[in-house]
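1. 3D model of this:
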Amino acid sequence: MIAHPSLEQLAAQLKSPILKDRVLALIELKKETISVQDAYPLLKQAIADENVQIRGMAAFSLGIKQTPENWSILTELLNADPDYNVRAMAAGALGYLEDKRAVDCLRHAFYEDTSWLVQFSAAVALGNLRDLQAQAVLLEALASSNTLLQEAAVMALGEIGAVEHVDRLLSFVNSNDWMLRKRLAEALGNLPCPQSQSALKFLQKDAHPQVAAAAKLALEDSE
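-> Numbers count the residues shown, from 1 in each chain. The predicted structure follows:
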């Protein structure tokens with residue numbers, strides 16, 4: 001049997017001057033063997049760490065180990081942390097809270113944050129929330145010149161089930177970026193309509209095997 005560190009040991013690790021110790025402690029805290037009640041105080045401690053990696057890991061863990069307090073902590077990080085990696089992690093975590101208040105916060109981050117990574121995480125998180133109010137933001141992301149933001153928007157619109165925007169999504173069926181075509185195939189699987197079925201049959205013949213496989217799976221799941 002594998003022996004897991006005690007809470008006292010994890011608390012000590014989080015105070016270690018050695019970065020690896022703190023990282024390993026956070027990996028343990030994210031596991032199901034640690035209850036939310038036990039993990040929360042230590043994650044809150046890690047949020048104040050001077051190291052960007054530690055703050056980011058702690059922020060994302062708060063999306064998994066959920067308490068009523070996590071909302072205010074994550075929104076504060078998203079709005080004020082000086083490092084874009086931490087803000088991106090906070091945005092991603094907000095998408096897991098299933099709290100509709102996050103829509104406005106994430107929408108603000110998409111429009112106001114200067115980091116494309118934060119914008120990407122905000123768009124993905126909006127998809128995870130599955131709130132129709134996010135559609136306007138996602139359509140703007142779809143029109144971005146940044147392919148990664150387009151990918152995030154395609155995935156999110158699929159998660160939301162925005163069938164009314166299938167025509168906009170289909171403009172990417174011949175994209176030069178195979179990952180974008182793959183994301184499109186995955187999204188279309190969540191958007192049942194004749195146009196989606198036709199596009200998936202087309203993508204099933206795509207030259208890239210991962211695109212073709214994604215389209216095939218989406219078609220099978222829709223039958």
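
2. make it CA atoms for all contacts and neighbour counts henceforth
-> Noted.

3. host element of the nearest residue to Q119 once chain neighbours are set aside?
-> In space, and not counting its chain neighbours, Q119 is closest to F110: 4.5 Å by CA to CA, 6 or more residues apart in numbering. Applying DSSP states H and E as the criterion places F110 in helix 102-112.

4. same deal with D221?
-> Element membership for D221, per DSSP H and E: helix 209-222.

5. and E151, what does it touch?
-> Applying CA atoms under 8 Å, 6 or more residues apart in numbering, we find E151 in contact with 142, 179-180, 183-184.

6. okay, it: pLDDT?
-> pLDDT recorded at E151 is 95.

7. secondary structure element for it?
-> Assessed by DSSP H and E, E151 sits inside helix 147-160.

8. Need the CA coordinates for that helix. PDB is fine.
-> Extracted C-alpha coordinates of helix 147-160, given in PDB (Å, rounded to 0.1, in the frame of the first residue of the first chain):
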ATOM      1  CA  THR A 147      -5.900  30.400 -34.400                       C
ATOM      2  CA  LEU A 148      -5.800  29.200 -30.800                       C
ATOM      3  CA  LEU A 149      -8.600  31.600 -29.800                       C
ATOM      4  CA  GLN A 150     -10.600  30.300 -32.800                       C
ATOM      5  CA  GLU A 151     -10.000  26.800 -31.500                       C
ATOM      6  CA  ALA A 152     -11.300  27.800 -28.000                       C
ATOM      7  CA  ALA A 153     -14.300  29.400 -29.500                       C
ATOM      8  CA  VAL A 154     -15.200  26.400 -31.700                       C
ATOM      9  CA  MET A 155     -14.900  24.100 -28.700                       C
ATOM     10  CA  ALA A 156     -16.900  26.400 -26.500                       C
ATOM     11  CA  LEU A 157     -19.800  26.900 -29.000                       C
ATOM     12  CA  GLY A 158     -20.000  23.100 -29.300                       C
ATOM     13  CA  GLU A 159     -20.200  22.700 -25.500                       C
ATOM     14  CA  ILE A 160     -22.900  25.400 -25.300                       C
END
